[in-house]
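Asks: prediction below, plus the sequence it came from.
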Amino acid sequence: MARRQPGQPRRVGDSPAFKWSLIVFVVVTSLIVIVSPLVVIATEALGRGLPAYFAAIAEPDMVSAVTLTVVVALIAVPINTLFGIAAAWAVTKFDFPGRRLLIIVIDIPFSVSPIVAGVSYLFVYGLQGLFGPTLQSADIKILFALPGIVMASMFVTAPFVARELIPLMQAQGRDLEEAATSLGASGFRTFMSVTLPNVRWAMLYGIILCNARVMGEFGAVSVVSGNIRGETNTLPLHVELLYHDYQTAASFAAASILAFLAVLTLIAKVWLERQGAGRAGRPSLSGPPVPAPVMEKA
Amino acid sequence: MKIKLEDVSKTFQTFRAVRGVSLEIESGEMVALLGPSGSGKTTILRMIAGLEYPDGGHILFGDTDATRIPVRERGVGFVFQNYALFPHMTVAENIGFGMKVSKTKRSKAEIASRVNELLGLMRLDGLGNRFPSQISGGQRQRVALARALAVDPTVLLLDEPFGALDANVRRDLRRWLREIHEELGITSLFVTHDQEEALDLADRVVILNEGNIVQQGTPEEVSRAPNSRFVTTFLGDTNRIPASVHDGSAVVGEIRLPAPNATNGAAEILARPRDLDWQSQGPGIAARVLRVIDRPDGRRLVVSTDAEAHLELDVAPEVVASVGATGFVTIRRGQVFNI
Ligand SMILES: Nc1ncnc2c1ncn2[C@@H]1O[C@H](COP(=O)(O)OP(=O)(O)OP(=O)(O)O)[C@@H](O)[C@H]1O
Ligand SMILES: [Mg+2]
């Protein structure tokens, strides 16, 4: 921002008192609300020294919780990515009755409390639920097992990728795809070489947010997992379990792993934003366009 | 390739955008679709390309019914109104895209040499490695054209090809497009709402209004013999002068114009600004000068008649007139339509 020249009138919001009180307010609030808990996690986890910390992490139940969390993410995130791409493609590139309704349906997990999803899964797949007896006679275990956890996580994170893609693809319209088709490209070819490259940064961004949420999800998973230690406990559930067992240090150690995963996510996100905005060679759609050189006479 | 539209119509929800259009485009011909905004030009072009399906009628490519041939097999080159260049591909990659995805396999070297040839033809030499955001509007336009031509289309369709360019670039580009057309001899159909562009560039002009063809013919035919008041007013600035017709001539005050096709009764004379003259003495329509607009090639006078009607006249630069002066308007020629 250019400095104000003496004698120039102030622009709106330029008064130093306003500017600094705003900045101080935001910084202090972030410190209290966001930063201090993270500091507490670090200090508590390391409170009994590094050896105790590593012992807590290497504990079999902890390892099992981490493994389960990663496995759930490895299944749920790719499926939701495919779903998100398909959904965004369908609602932005085609006209069909119920299109608007579908957009609203995709958004439902954003507005519904995750615990509601968990409970409804109990009603559908639980022993007394709709499909409960059928599933039991077929010896298929969904609740209190991996499938249930994956499904609950998927419910919660279904909109993430789609939500990133829909506005972008809507803004891009159908012209590029129509151009590609009129040049003879098949639908698949058009998608791979025209649609996807133009949305890939938004898509990766959606994937990262989706992944962060899958790994951190507590509410929906806690209902359907049954909290079986060493079997169906994901990392967030394990944190709570340890805490209620008065194993504070171990609980914070587990929390620190989650926090570490979150920080990794953040780094990936910042890196992606840089990639998306600052690439000189292949200009991104969000970045400022390179100024066009002066037109020479045709 | 000869293109034929037989009674083609298209309705969006309840809106009838195209209402039974029949049209023939001879092989190698360049035809302009001209009409006001919303008259259905883009819709017709998109139906020929296969991007939109007509609800009625047939579209023939040569002798085959193309109505159900999918877009990618029609072999049309389509230049979009906003060019629709792929932003993540270089100019050369854009031009080569159609060859790369085509069913007829071409080697990398073959594609590269064809791309180079097109870059030369389109006067884009040296820009092959730029991205669309790094070239000017006129250059983008030529890239879009090169991309469409690269796959040797049987028909070239252009939607407002010069819409987004400034006046000088437009003029240059359209002369150049005409040259390219003559060189390649490809059947071309372009959409425009600029009458000057249509008359300048096309062998034949098709004038549309509200989803119907109102007149078609060579630029000479539509310019000299417009068949309706709509066509006359749409093709250029027009003065409308109320008159009455008696026995084959239209009469306004002391002025008489031949009107062999009009029937007796109330009528309207449509006259271009250039077809009116300004005289200090009668006979003529008495008027007072409201504005004088000086232009490189003459002066335009805006005058008000006694009946409070405004007329615009283009007169020679030597004509003496100043705001507030009174004089007389005479009509050199005009078209007479009954009302
Ligand atoms: N997909 C669509 N859905 C609904 N109405 C449409 C659609 N496409 C076009 N129309 C309507 O059909 C009519 C003709 O549209 P079209 O785009 O063919 O006009 P045009 O002659 O190309 O106009 P312009 O010169 O403004 O581009 C317009 O009234 C438009 O609103
Ligand atoms: Mg149009």
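Replies: Received it, and whenever you're ready, just let me know what you need. Numbers count the residues shown, from 1 in each chain, chains lettered A, B, ... in the order given. Ligands and ions are numbered 1, 2, ... in the order given.
Asks: longest helix in the chain, by number of residues?
Replies: Assuming you mean chain A. In terms of residue count, the longest helix belonging to chain A (DSSP state H) is helix A:60-93.
Asks: chain B was what I was after
Replies: helix B:167-184.
Asks: identify all contacting residues around it.
Replies: With CB atoms under 8 Å, 6 or more residues apart in numbering or on different chains as the test, helix B:167-184 has contacts from A:295, A:297-298, B:30, B:121, B:137-138, B:141-142, B:145, B:149, B:156, B:161-162, B:165, B:188, B:197, B:200-201. Glycine gets a C-beta too; all of them are placed from N, C-alpha and C.
Asks: what average pLDDT does it get?
Replies: The pLDDT scores in helix B:167-184 average 86.
Asks: element containing the residue in chain A positioned nearest to ligand 1?
Replies: Closest approach of chain A to ligand 1 (CB to the nearest ligand atom) occurs at residue A:95, with a separation of 7.9 Å. Using DSSP states H and E, residue A:95 maps to neither a helix nor a strand.
Asks: torsion angles phi and psi at it?
Replies: Torsion angles at residue A:95 (phi, psi; degrees, to the nearest 10) stand at phi -100, psi 130.
Asks: same check, this time on residue B:298
Replies: Dihedral angles (degrees, to the nearest 10) for residue B:298: phi 160, psi -160.
Asks: picking up where we left off before, number of residues surrounding the residue of chain A closest to ligand 1?
Replies: Look at residue A:95: counted by other CB atoms under 10 Å in any protein chain shown, it has 6 neighbours.
Asks: can you give me the distance of it to residue A:142?
Replies: From residue A:95 over to residue A:142 the distance is 36 Å, taken as CB to CB, to the nearest Å.
Asks: residue B:88 now?
Replies: For residue B:88, the distance to residue A:142 - CB to CB - is 42 Å.
Asks: what do you get for residue B:67?
Replies: For residue B:67, the distance to residue A:142 - CB to CB - is 50 Å.
Asks: between the two, which is the more surrounded one?
Replies: Remark: of residue B:67 and residue A:142, residue A:142 carries more neighbours, 20 against 16, as counted by other CB under 10 Å.
Asks: so who does residue B:125 touch?
Replies: residue B:119.
Asks: I misspoke; the intended subject was residue A:238.
Replies: A:61, A:62, A:65, A:254.
Asks: for the helix or strand where it lies, list every residue counted as buried.
Replies: Assignment of secondary structure by DSSP H and E places residue A:238 within helix A:235-244. The neighbour-count check on helix A:235-244 (16 or more other CB atoms under 10 Å in any protein chain shown) flags A:235, A:236, A:237, A:238, A:239, A:240, A:241, A:242 as buried.
Asks: wait, isn't the fifth one in contact with residue A:255?
Replies: Yes. Under the contact definition of CB atoms under 8 Å, residue A:239 touches residue A:255, with a separation of 5.0 Å.
Asks: pLDDT at the nearest residue to residue A:236 once chain neighbours are set aside, what is it?
Replies: Excluding its sequence neighbours, the residue lying closest to residue A:236 (CB to CB, 6 or more residues apart in numbering or on different chains) is residue A:218, at 4.4 Å. pLDDT, residue A:218: 91.
Asks: dump the residue contacts of residue A:218.
Replies: A:114, A:236, A:237, A:240.
Asks: dump those residues to JSON lines, plus pLDDT.
Replies: Shown next, in JSON lines, are the contacts of residue A:218 (pLDDT from 0 to 100):
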{"residue": "A:114", "pLDDT": "90"}
{"residue": "A:236", "pLDDT": "92"}
{"residue": "A:237", "pLDDT": "92"}
{"residue": "A:240", "pLDDT": "90"}
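Asks: please, where are all the helices along the stretch 151-298 of chain A?
Replies: A:159-172, A:175-182, A:187-190, A:196-216, A:219-225, A:235-244, A:248-278 (DSSP state H, counting those that start in this stretch).
Asks: weakest of the ones you listed in terms of mean pLDDT?
Replies: When I compare those, helix A:248-278 is least confident, with a mean of 82.
Asks: that helix vs helix A:60-93, what angle?
Replies: 30 degrees (axes from the mean of the first three to the mean of the last three CA atoms, to 10 degrees).
Asks: for helix A:248-278, buried residues please.
Replies: Neighbour counts over helix A:248-278 (16+ other CB under 10 Å) mark A:249-259, A:261, A:265, A:268, A:272, A:276 as buried.
Asks: separation between residue A:23 and chain B?
Replies: 35 Å (CB to the nearest CB, to the nearest Å).
Asks: name the helix or strand for that residue, please.
Replies: helix A:16-30.
Asks: before we move on, the earlier item: among the contacts of helix B:167-184, which are in helices?
Replies: B:121, B:137, B:138, B:141, B:142, B:145, B:149, B:197, B:200, B:201.
Asks: and those, which of them are buried?
Replies: Neighbour counting over the ones in helices among the contacts of helix B:167-184 (16+ other CB under 10 Å) leaves B:121, B:138, B:141, B:142, B:145, B:149, B:197, B:200, B:201 as the buried ones.
Asks: no further queries at this time; thank you.
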